[in-house]
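Asks: Fold the stuff below for me.
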Amino acid sequence: MMNFIKLLMAILLVAGLVYCGAFLLPPAIDWNNAFRPAALALLHNESPYQTEGFMYPPWTSLLLLPLAIFPPEMGRVLLFIAYLFGIAYSAQKLGANRISTFLILLSPPVFHGLLNGNIDGLVVLGFVLPPWLGLFFLAIKPQIGFAYILYLFVTIFRKEKFLGVIRVFAPVTIAYLLSLALYGLWPLKFSVTMRLSHNASLWPLSLPIGLVLITLAFRQNEFRHSIMASPFLSPYVLLHSWISALLALAPNPWETAAAVIGMWIVVALRYFA
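Replies: Numbers count the residues shown, from 1 in each chain. Got it, this is the predicted structure:
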């Protein structure tokens, strides 16, 4: 009976947060203009790629469909909650204690993602889910996880050879091929991102750092280095996608604190100095 009461209280609390948040949160450009319209297009048996700004695998729309069917304000709050849960859960699974988790949740990438209504908080679940399933999440945003995907591929091949690689990578590969058959060369839409003025990538200056990190990942057999490497190797990274670099620091609260403080200093210098 006590467990039922706790569950009921939790449901009522979430419902209250959703109701209040629908009136308090500002509009989210990515949710309102890209993710929600693309999910609704899929619901109506239309191409999600008719939505300007949507350049992600079609299963992204499937993932967001349960949120998109609600009114935009309510769906935005549900995404807000799911985003925070995804970050906190991933941080804990990657070795963060409560302090590290709290610091990560207060970081500029998380604030940026929440304000824009983006989905990086869901994408990072790919680091902690079973590999075959996690690849579907990480494939949504390669700038967050492609170095980890490379590390995973090589590690599985070393241990299980081709059969292991097929077991883990076949589902997402088949899904990609089916998406190309259904929607054409939709990945080419990603090329427009290189011209966006708000690109927060440090590439190509960050390329040596990324190469060092991925090398360390293989030499030390430490997957967290590969998680950190991706945004350093990518020519396109928005601020909210730097969350993967922070999550790689999750087991180290002092280093996490230094990184979060440093990010806030960068934000202050860039936007307020």
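Asks: burial measure for Leu138, as a count.
Replies: 25 (other Cβ atoms under 10 Å). For glycine as for every other residue, the C-beta is placed from the backbone atoms N, C-alpha and C.
Asks: got it, and the one 10 residues further on?
Replies: For Tyr148, the count of nearby residues is 26 (other Cβ under 10 Å).
Asks: where does it land in three-state SS?
Replies: Assigned by DSSP: H, G, I helix; E, B strand; the rest coil, the conformation of Tyr148 is helix.
Asks: all helices of the stretch 51-200 of the chain, in order?
Replies: 59-68, 72-93, 98-105, 108-116, 120-123, 131-138, 142-183 (DSSP state H, counting those that start in this stretch).
Asks: between the last one and helix 59-68, how many degrees?
Replies: Note on geometry: by axes from the mean of the first three to the mean of the last three Cα atoms, to 10 degrees, helix 142-183 and helix 59-68 are set 90 degrees apart in direction.
Asks: For the stretch 151-273 of the chain, just list every one of the strands.
Replies: If DSSP state E, counting those that start in this stretch is used as the criterion, the stretch 151-273 of the chain turns out to lack strands entirely.
Asks: Quick one: low-confidence residue ranges for it.
Replies: Within the stretch 151-273 of the chain, the stretches with pLDDT under 70 are 191-197, 273.
Asks: In the stretch 1-150 of the chain, where is pLDDT below threshold?
Replies: 1-25.
Asks: Now with 80, please.
Replies: When the per-residue scores of the stretch 1-150 of the chain are filtered using pLDDT under 80, the ranges that remain are 1-27.
Asks: one step back: just the helices of the stretch 51-200 of the chain: most buried one?
Replies: helix 120-123 (a mean of 26; mean count of other Cβ atoms under 10 Å).
Asks: CA atoms of that one as CSV?
Replies: As requested, the backbone C-alpha atoms of helix 120-123 are provided in CSV (Å, rounded to 0.1, in the frame of the first residue of the first chain):
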residue,chain,number,x,y,z
ASP,A,120,20.9,15.6,-26.6
GLY,A,121,19.7,14.5,-23.1
LEU,A,122,18.1,11.5,-24.9
VAL,A,123,21.0,10.9,-27.3
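Asks: tell me what it is packed against?
Replies: helix 72-93, helix 108-116, helix 131-138, helix 142-183 (3 or more Cβ pairs under 8 Å, 6 or more residues apart in numbering; DSSP states H and E).
Asks: Other residues contacting it?
Replies: With Cβ atoms under 8 Å, 6 or more residues apart in numbering as the contact definition, helix 120-123 has outside contacts at 63, 82-87, 109-110, 113, 137-138, 140-141, 144-145, 240-241, 243.
Asks: one more time with 10 Å
Replies: Residues outside helix 120-123 that contact it (Cβ atoms under 10 Å, 6 or more residues apart in numbering) are 56, 60, 63-64, 79-90, 105, 109-110, 112-114, 134, 136-145, 238-244.
Asks: measure Pro57 to Leu178 for me?
Replies: Relative to Leu178, Pro57 is positioned 10 Å away (criterion: Cβ to Cβ, to the nearest Å).
Asks: before we move on, what about Gly262?
Replies: With distances defined as Cβ to Cβ, the gap from Gly262 to Leu178 amounts to 42 Å.
Asks: Pull the contacting residues for Lys189.
Replies: Tyr49, Glu52, Gly53, Phe54, Met55, Tyr56, Tyr183.
Asks: Helix, strand, or coil at the first one?
Replies: The three-state assignment at Tyr49 reads helix, by three-state DSSP.
Asks: And it, how close does it get to Met55?
Replies: Computed as Cβ to Cβ, the Tyr49 to Met55 distance reads 8 Å.
Asks: Overlap of the contact sets of these two?
Replies: Ala38, Trp186, Lys189.
Asks: Out of these, which is nearest to Leu129?
Replies: Comparing those against Leu129 with Cβ to Cβ places Ala38 closest, at 22.5 Å.
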